[in-house]
Structures are given as C-alpha cells and as structure tokens.
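>>> Provided below for reference: sequence and predicted model.
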Amino acid sequence: MTVIHDHGIHKMAIKYCRCRQGDNPVLPEPLQLIRFGLFPGSWDCPETAYAINTLRDYHLLSMQLPITAMDYVAYLRRTTDSVQPDDAKDRYRELNTAMREFTFLRATRRAGQDPLKELPLGSLAVACPACPQPNVNMAADWATRSEKDMYLDMLFYSVDGNFHHSQKMKPMDPADFPLTQGAAYFVDEKDFADYQARVKPPKKEESSCNKFAALGNGRYSGRVSGMVGMTCSRHMFVIANSLVDLLRGEGFAWGDFSQLSGLQPWLHVLKLLCRGYDVNCQYDKKLGHRLAEFRKNFSHLKSIKTTTFPPTRSLIPKFHAPAHILICSIYRSYNYTPGVGMTDGEAAERIWSAFNALAIRTKEMSAGHRHDVINDFHGDMNVRRVHAMPQFLASKHKNATKQLAAATIHLAALESNIGDASVLAQWRQAEAVWERDVVDSTKHKALQNPYVLNQAKGLTEKQLVDMMNIMRAARNGQSTGPMSIVHRGTLLERKREQLLDELEDDGSFDDIQSALRLRCEEFVADIAAWNLLRDAYIGPLVAVDTVDTASAHSSGTSCGTYPADFPLRDTSEDFGSLENGLPPARNPAGRSDLWQEVFATPIVLPSSYDRAILHEHCMQELVNAELEVRRAQARDALDDVRTSIIGREAYKIKKTHASSKQYTTRATQHIRNMEGDVREAANRYRRVRLALLALGMDPMDPEFRPLRKGDTVKYTLDAQNRTLGESSESKPWIWEKFDLSDTHGPGLYRDFYDEARRVHWFRSSATQRRWKEEVCLLQEEMRRSVRFFTYHRQRWTAIAAERDRTSNAGAAAYARKQAQRYSRLLDRCEKEYAGRIDIVSPRRMSWSCHLVIYAQDITLCEVD
C-alpha cells in the first residue's frame with residue numbers, strides 16, 4: 001500500500017486484522033485504517049492511505065495560503081526524494097478525492113450531523129453569532145420593541161455578484177454531484193436546476209440610472225460565468241443557502257432565488273430587513289411582479305416556502321453610491337438612512353477580495369467538486385470570524401464610542417455657533433420628515449433632499465470668482481490694533497511671505513520679474529521706514545528689559561542660560577511637519593538673490609523676543625497689543641481657509657456638471673488656485689499661532705488649535721460624492737465655527753454660505769445619529785453573541801450526554817470538546833465586553849444552566 005505522510009510518499013506492507021469481536025463481523029479494511037490514523041484513498045479495496053494529520057495540514061494550508069493539491073503533492077514527492085522526485089508515486093487525483101471526503105466528514109462532525117447524502121438545508125453552514133438568529137440569540141422581548149428601536153433586530157445583508165469564480169467550458173463528469181448538496185452555502189442544487197430550466201431567461205435589464213455589469217452590461221464566458229450570493233453586511237459572514245451559479249449576467253431572477261433561499265430562516269419572523277445591493281435602484285422596480293410569478297410557478301420547491309419580504313430598507317453600498325445618479329446615491333444612502341448605524345454595505349466586496357484567489361483552482365473543477373471546495377472555504381472563513389467575534393465587536397464598540405463623542409462635540413459646537421434656535425428647530429423638523437419618509441421608496445420623488453445644496457442658491461462661475469475677490473479684499477482691511485506700529489509690522493510680515501511665495505513661483509517672463517523686483521524694492525523701503533519707528537518706540541523698552549534681565553541672572557535671582565540670539569527667542573522649532581500643525585520651513589538653497597534679500601529682511605515684533613523679556617512689566621502693553629492683533633489675524637486666516645475650501649468644493653461641483661471641455665479646463669485652473677489659497681491661508685494661520693504661543697497663549701486654547709494637514713483636505717460640499725470611510729473620519733475642528741454668512745458682500749454670497757452651513761449641519765447631524773445607532777447596534781450584537789455561544793455550549797453538552805447514554809465514548813468526547821470551545825468564547829466575551837454590557841461571569845455558571853434574556857442585559861441563572 002502507498003502511504004502518504006508528512007515525511008513523503010512511501011510503499012508499506014499492511015496487514016489487516018481478521019479477528020471478530022464477539023458476534024460482530026470483521027471490521028472493514030477502510031475503518032481499520034481510520035482507527036490506525038490513516039484515511040483510505042478508496043472504500044472498496046484501498047491501495048492508498050493518507051495520514052490524517054497530513055490531510056489536516058494540507059487542509060489548513062489550502063485555506064490559509066491557498067496551496068493547490070498539485071503543489072502539495074509536488075512538495076511531498078520532493079520530500080520523499082529531492083534528487084529524483086519523479087520516482088515517487090504521483091497521487092494527485094487520489095488526493096483530490098480523499099480531500100473531498102475528508103472535509104465533508106469533518107464538516108458533518110462539526111455540525112453534529114451524520115454524514116448522509118440528504119442533509120437538512122444549511123445544516124453544515126456556520127451562522128453569524130451577532131446577527132439575529134430566531135430561537136437562538138434574539139432578546140426575549142424583541143417582538144415588542146418600540147418602533148424607534150426595531151432597527152436593533154434588523155437583519156443587514158448584502159447581495160453581490162462575482163465574475164471571477166467561473167467554470168471552464170470543458171468535458172465534465174455528468175454524474176458528479178456535491179457531497180454538501182443543499183447543506184452549506186449554495187442553494188439547493190436540485191431546486192435551482194428546476195428553477196433554471198423553467199424560468200424565463202433573464203433579459204438584459206434596462207437602467208434608468210447608470211450601466212452596471214449586474215444588468216448584463218458585461219462580457220461572460222464559460223459553463224458558469226460567476227456567482228451571486230448573500231453576505232452578512234456587518235460581520236462578513238456568507239449566508240447559508242444563498243450562492244447561485246450564473247450562466248451569463250447577474251440577472252435579477254438569479255438574485256431573487258438567492259435571497260428567497262438564503263432568507264428562509266428570517267422572512268416569516270423578522271419585522272425589518274436591510275438589503276445592500278449595488279443595483280438596488282433597478283432591482284426593486286419589478287421585484288413585486290417577479291415574486292408574484294415565483295409564487296405562481298414554483299410553489300412546489302422544497303427549499304423555499306416563504307416568499308413574502310418584511311419591510312426592507314433597500315440601499316446602495318457606500319463605495320458604489322457615487323456611480324449612481326443623485327436620487328439613488330442620496331435617497332438610498334447608508335449615510336442618510338435611519339437605523340443602519342455605520343454599516344457600509346460593502347461586506348461582499350471584502351469577502352470576494354479574499355475569495356478570488358481560490359478561483360484559479362475551482363474554475364478547473366467539476367461541478368460537484370467545485371461546490372464542495374467553495375463551501376469548505378466559506379465554512380473556514382465563517383469559523384474564523386466566529387472565533388474572532390468578541391474581539392471584533394469590542395474593537396468596533398470602542399471606536400464607535402470614541403467617534404460618537406467626537407461627532408457629538410462637533411455638532412454641539414456647530415449649533416452653538418449657529419445660535420438661532422428657530423433655524424435649528426426648522427432644520428430638525430426637516431430632518432425628522434426625511435428620516436420618516438426616506439425608508440419608503442415610493443415617497444422619494446416628492447421628498448425634499450436636505451443633504452445637497454439648493455441649486456437656486458448656487459453661484460455661477462463669474463459669481464464664484466467675484467465672491468473670492470470680495471472675500472480677499474474684506475480680509476485685507478479687517479485687522480486693526482491699539483498700536484499702529486505693531487499692526488503695521490504684522491502686515492509687513494504677511495507681505496514678506498506673499499512676496500516669497502511669488503518669487504518661488506516666478507516665471508521666466510521679463511515683465512513679471514520687473515514687477516516683482518519693483519514690489520520687493522518697495523517692501524525693503526517700507527521695512528526701513530518701519531524699523532525707524534520700531535527702534536524709536538520698542539527699542540528702548542527692550543534695551544532696559546535686557547539689562548534688567550541680565551542683572552537678575554548675574555545676581556542669582558534667575559537661573560539657566562539664554563539662547564545665543566538673546567534677547568530674541570529661539571525659532572528653531574517654529575517649522576516642521578504639517579501633520580504637527582507647523583508651517584513648512586523655507587529652503588534658501590538655489591533661490592534668487594532677490595528672494596535671499598527679502599528672506600533675510602528681519603521684522604522684529606514683541607513675539608520675536610525671549611519669554612524672559614516679555615515677562616517684564618514695561619513690555620506688557622506691547623504684548624497685549626500684539627495679542628489682540630494676532631488673535632484677529634488668526635480668526636481672519638481661519639475664515640480664509642474655510643472660504644477657500646468652500647470655493648474649491650463649489651468649483652468641483654461646477655466641474656462635475658460641466659458640459660464642455662473648455663469649461664472643465666477653466667474650472668480645473670480655478671480649483672488649483674483655490675488649493676493654493678487654502679495652503680496660503682493655512683500656513684498664515686500656523687505662523688500667527690506660533691506668534692500667539694510666543695506671546696504666552698495657552699497651547700490648549702480651544703479657539704486656536706493646531707491646524708494639521710488633514711484639517712484642510714477633506715470637506716465634501718456635494719453629498720453625492722462622499723467617499724467610503726468619510727463618515728468614520730473625525731470632522732476637522734475648523735468647521736465648528738461656521739459664521740461665513742456674517743462676512744461682507746452682497747446678499748447672494750451670504751445666501752450661498754448660509755446654504756453651505758445648512759448642508760454642513762444636516763450632514764454633521766446625520767453622522768452623529770449614525771454613530772449613536774452604531775453604538776446601540778454593537779451593544780445588542782454583543783448581547784446576541786453571548787446568547788449564541790451559550791446556546792451552542794448547552795447544545796453540545798446535551799449531545800455529549802446523549803452519546804454517553806448510547807456508549808459512544810468517542811463522539812461524547814468530541815461533543816465536550818465543542819462545548820469547551822464555546823466556553824472559551826464566553827470567557828473571551830467576559831473579558832472583551834467588560835464595561836460595555838452587563839454579563840455574568842461564565843466561570844460561575846454550572847453546566848446545567850438556562851438563559852434568561854432581558855431587553856437590556858443578560859443574566860445566566862443556575863437551575864436548582
């Protein structure tokens with residue numbers, strides 16, 4: 001007999017036992033091999049046997065890497081003989097057969113099922129512990145929850161097609177069938193074959209939105225072109241009995257069968273569903289008609305008994321939403337639909353990314369083998385997620401709690417800045433109407449959308465340019481201070497930065513260079529005149545303070561050493577990374593002489609001096625004067641940042657809806673200009689903040705916080721173009737103070753800013769509400785996972801007791817091992833969920849316990 005072991009492929013002599021055990025017949029040879037730790041290559045007259053540990057190792061490697069059977073056999077042959085590996089027997093085909101049988105037997109044992117040809121539907125599939133599982137993990141009072149809390153028991157699922165998992169058009173064994181037929185993740189193959197033969201072939205779907213591959217707008221080949229299936233949207237579990245093989249496109253008839261089959265445990269129980277599908281806007285149109293046809297023609301199918309859907313929130317996954325037209329991407333958005341938390345609907349795409357590597361193997365397989373391998377892969381993936389569930393939920397809850405706090409603070413600051421209670425009340429009422437009606441797709445056309453700019457208040461390109469010019473002019477004349485010398489110095493400081501920016505971007509045209517040189521000469525002359533005033537008014541005060549400070553130092557009343565530039569302060573840490581809120585340092589290398597001259601021109605203000613000088617009494621008036629001026633400048637700079645960002649986003653909207661290349665080119669240039677304005681205003685604010693810190697401002701001042709790069713980058717004015725993950729990002733603090741409507745300019749511009757602020761409030765409020773729902777959903781999911789683990793621990797304990805009664809010691813030991821597995825998961829729940837939900841310690845529970853479930857907590861009570 002050929003024996004395959006971790007050490008290689010070997011020829012061994014095997015002698016079977018022919019002894020009888022009492023009246024029992026001789027144990028069959030394959031069973032003798034199994035008892036000896038070898039798995040037979042066939043069941044009639046085995047000539048090959050595999051060490052069971054070897055099959056386990058290959059199974060784990062194929063799930064984790066994945067490694068093909070051909071590669072594993074090549075590895076074993078080289079292990080046997082690294083010089084002439086071809087001399088070792090090739091057992092590739094035998095390994096494929098043995099692995100199908102071996103993985104099937106392991107799956108049935110893990111599910112507590114006998115390995116029969118006809119197994120209960122979905123009995124080998126691994127269910128999600130955190131999703132609602134009727135009669136397993138749902139709260140005792142779930143059916144009586146108030147309407148506003150019904151979302152806590154909603155099933156979130158996603159539907160999606162995968163065209164990587166095709167099957168080649170080549171000769172196949174027509175008698176081949178899956179061992180896992182109807183018992184795992186594929187729909188019942190016999191029922192689907194009947195449905196496929198009798199249903200009208202799906203036609204290419206006409207779209208009122210955009211064209212998608214799911215509507216047949218793709219190219220397909222092979223005996224099977226792909227598959228469509230369902231996944232748990234929040235925890236990435238493949239749902240039992242939901243995978244369907246596709247012949248061509250993703251026709252809605254196949255999606256119907258996938259859902260009707262996969263949702264059987266929930267359709268007659270739950271009150272709410274939430275479906276994520278990238279073509280939901282088209283899928284829903286004739287769903288009622290297709291279901292009526294299904295009831296009429298296929299009521300005889302044994303795997304589908306219920307065909308009525310409860311109320312279903314039909315949404316577009318976040319990553320796919322920008323590809324849809326406005327009414328789809330907003331009215332079917334996870335961001336703006338109540339009760340969905342921070343679900344994004346893209347779970348299927350994440351699963352496909354890990355699953356697609358398997359397609360290299362499965363597209364070559366026969367139909368039955370292909371289904372068995374895919375079922376095995378999804379079973380392994382689901383098991384790993386079961387084991388990681390306590391850590392996963394605790395981590396998500398920790399992040400959600402943090403995000404909720406940040407979103408609540410941001411919304412409160414924004415509302416405090418708005419101040420007008422009547423306006424806020426009006427907005428809240430509009431939000432309530434939206435959340436009431438958006439869940440009903442028949443009301444979408446009449447429902448006013450508060451999350452996009454009102455087109456009537458939008459600006460033309462000319463108006464946008466005029467608005468930006470008015471804003472810049474207004475900012476230039478707003479900063480004033482009690483002492484003109486300090487104010488003039490700060491204006492000269494800003495002028496120097498502007499000149500340096502222009503000199504760095506200087507072109508090669510002579511007229512531009514001449515104009516810049518003239519302005520630089522004027523600047524140097526202005527500095528010389530200002531220095532005369534500074535020396536007359538500030539110089540004497542600094543000279544006296546320097547002497548007094550030096551005297552205090554020499555007499556011992558002061559300690560430490562002064563910087564080399566004393567009385568000026570050390571500025572070596574005034575520049576650095578934008579991520580730390582510091583302006584970038586200018587590099588003099590390679591710059592023109594004119595640039596060097598402007599850069600070297602000093603502007604010495606009170607904030608330029610060492611802290612020891614500024615603490616002197618006679619400097620306080622100047623320090624307070626500059627503090628007042630700098631605070632006004634910081635506010636102006638932040639307003640300029642916000643103004644430029646909104647202008648940039650407004651141009652992006654204009655560019656998106658532009659109809660000519662000439663206009664898009666012009667809009668692109670305006671966007672680049674706005675980006676430059678954002679950078680200039682942000683760096684100006686950073687320099688002003690450094691001066692404020694030098695003057696003694698508290699680094700934790702809530703009004704003037706560090707302005708990091710991320711605070712100026714992400715602000716989507718058009719809700720239709722929000723990106724995946726944007727709702728999980730903290731809102732930049734600069735948007736807490738949103739008072740741009742108070743600026744100068746015609747009423748048209750103030751209306752535009754008011755509209756931008758209104759949209760910002762609605763989006764901020766929606767984000768805060770979704771995070772609040774997410775926290776509540778996660779808490780309920782943690783409770784459900786505890787109930788799920790407890791249920792299955794008790795189930796396996798009961799199985800162990802039953803097998804003890806039938807003297808099946810091996811099966812009883814395995815059942816106790818499974819019960820211990822769930823005990824370990826409960827212990828992990830106790831550790832991870834501490835402080836998040838109330839849970840009695842699993843260690844204090846006896847094996848004979850029952851679960852008493854309340855709406856808000858979990859109590860495990862011992863039975864007398």
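Great, that's in hand. Numbers count the residues shown, from 1 in each chain.
>>> Buried ones in the strand or helix carrying L31, by neighbour count?
Using DSSP states H and E, L31 falls within helix 29-35. Neighbour-count burial for helix 29-35 flags 29-30, 32-34 (criterion: 16 or more other C-beta atoms under 10 Å). (Glycine included, C-beta is placed from N, CA and C.)
>>> any weak-confidence spans in the stretch 501-650 of the chain?
By pLDDT under 70, the low-scoring segments of the stretch 501-650 of the chain are 506-512, 543-565.
>>> do that again at 80, thanks
The stretch 501-650 of the chain contains residues with pLDDT under 80 at 505-515, 533-567, 572-573, 612-621, 646-650.
>>> And the helices in it?
In order along the chain, the stretch 501-650 of the chain carries the following helices (DSSP state H, counting those that start in this stretch): 510-537, 539-554, 593-599, 611-614, 620-656.
>>> quick one: which of these is nearest V238?
Closest to V238 of those, according to C-beta to C-beta: helix 620-656, at 36.7 Å.
>>> list the helices and strands the next helix or strand after that closest one packs on?
Once helix 620-656 ends, the next helix or strand along the chain (criterion: DSSP H and E) is helix 661-694. Contact partners of helix 661-694 among helices and strands, from 3 or more C-beta pairs under 8 Å, 6 or more residues apart in numbering; DSSP states H and E: helix 461-476, helix 484-504, helix 620-656, helix 710-713.
>>> ok now helix 661-694, how far from the chain's centre?
29 Å (C-alpha atoms, centre = their mean, to the nearest Å).
>>> That helix versus helix 620-656: what angle between them?
Calculated by axes from the mean of the first three to the mean of the last three C-alpha atoms, to 10 degrees, helix 661-694 forms an angle of 160 degrees with helix 620-656.
>>> and helix 661-694 with helix 484-504, angle?
Angle of helix 661-694 versus helix 484-504, following the same axes, to 10 degrees, is 140 degrees.
>>> buried ones in helix 661-694?
Neighbour counts over helix 661-694 (16+ other C-beta under 10 Å) mark 666-667, 670-671, 673-674, 677-694 as buried.
>>> Which strands or helices does the strand or helix carrying A405 pack on?
In the assignment (DSSP H and E), A405 maps to helix 367-418. Applying 3+ C-beta pairs under 8 Å, 6+ apart, one finds that helix 367-418 contacts helix 52-64, helix 92-111, helix 347-355, helix 359-362, helix 747-805, helix 809-832.
>>> mind checking which of those helices is nearest L518?
helix 747-805 (33.4 Å).
>>> Which strands and helices lie in contact with the closest one?
For helix 747-805, the packing partners by 3+ C-beta pairs under 8 Å, 6+ apart are helix 367-418, helix 421-437, helix 461-476, helix 620-656, helix 809-832, strand 849-853, strand 858-862.
>>> what's the closest of those to E703?
helix 620-656 (8.0 Å).
>>> ok, K445 - contacts?
K445 makes contacts with I327, as judged by C-beta atoms under 8 Å, 6 or more residues apart in numbering.
>>> Against A515, how distant is T601?
19 Å (C-beta to C-beta, to the nearest Å).
>>> Look at those two and report which has more neighbours.
Between T601 and A515, counting by other C-beta atoms under 10 Å, T601 is the more crowded of the two (17 against 12).
>>> Was I right to think the more buried one contacts R496?
Yes - the pair formed by T601 and R496 meets the contact definition of C-beta atoms under 8 Å, at 6.6 Å.
>>> got any residues that touch both of these two?
Taking C-beta under 8 Å, 6+ apart as the contact rule, T601 and R496 both touch F523.
>>> So what does E118 have for phi and psi?
phi -110, psi 110 (degrees, to the nearest 10).
>>> ignore the last one, L38
The phi/psi pair for L38 (degrees, to the nearest 10) reads phi -120, psi 140.
>>> Same question for S329.
Main-chain dihedrals, S329, degrees, to the nearest 10: phi -70, psi -30.
>>> Using CSV, write out the CA atom coordinates for the helix holding L31.
The C-alpha trace of helix 29-35 is given here as CSV (Å, rounded to 0.1, in the frame of the first residue of the first chain):
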residue,chain,number,x,y,z
GLU,A,29,-10.4,-2.5,6.0
PRO,A,30,-11.1,1.2,5.5
LEU,A,31,-12.4,1.5,9.0
GLN,A,32,-9.3,-0.3,10.3
LEU,A,33,-7.1,2.2,8.5
ILE,A,34,-9.0,5.1,10.1
ARG,A,35,-8.7,3.7,13.6
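>>> residues near the nearest residue to R569 once chain neighbours are set aside, how many?
Using C-beta to C-beta, 6 or more residues apart in numbering and skipping residues adjacent in sequence, the residue nearest R569 is D610, 4.6 Å away. When neighbours are defined as other C-beta under 10 Å, D610 has 19 of them.
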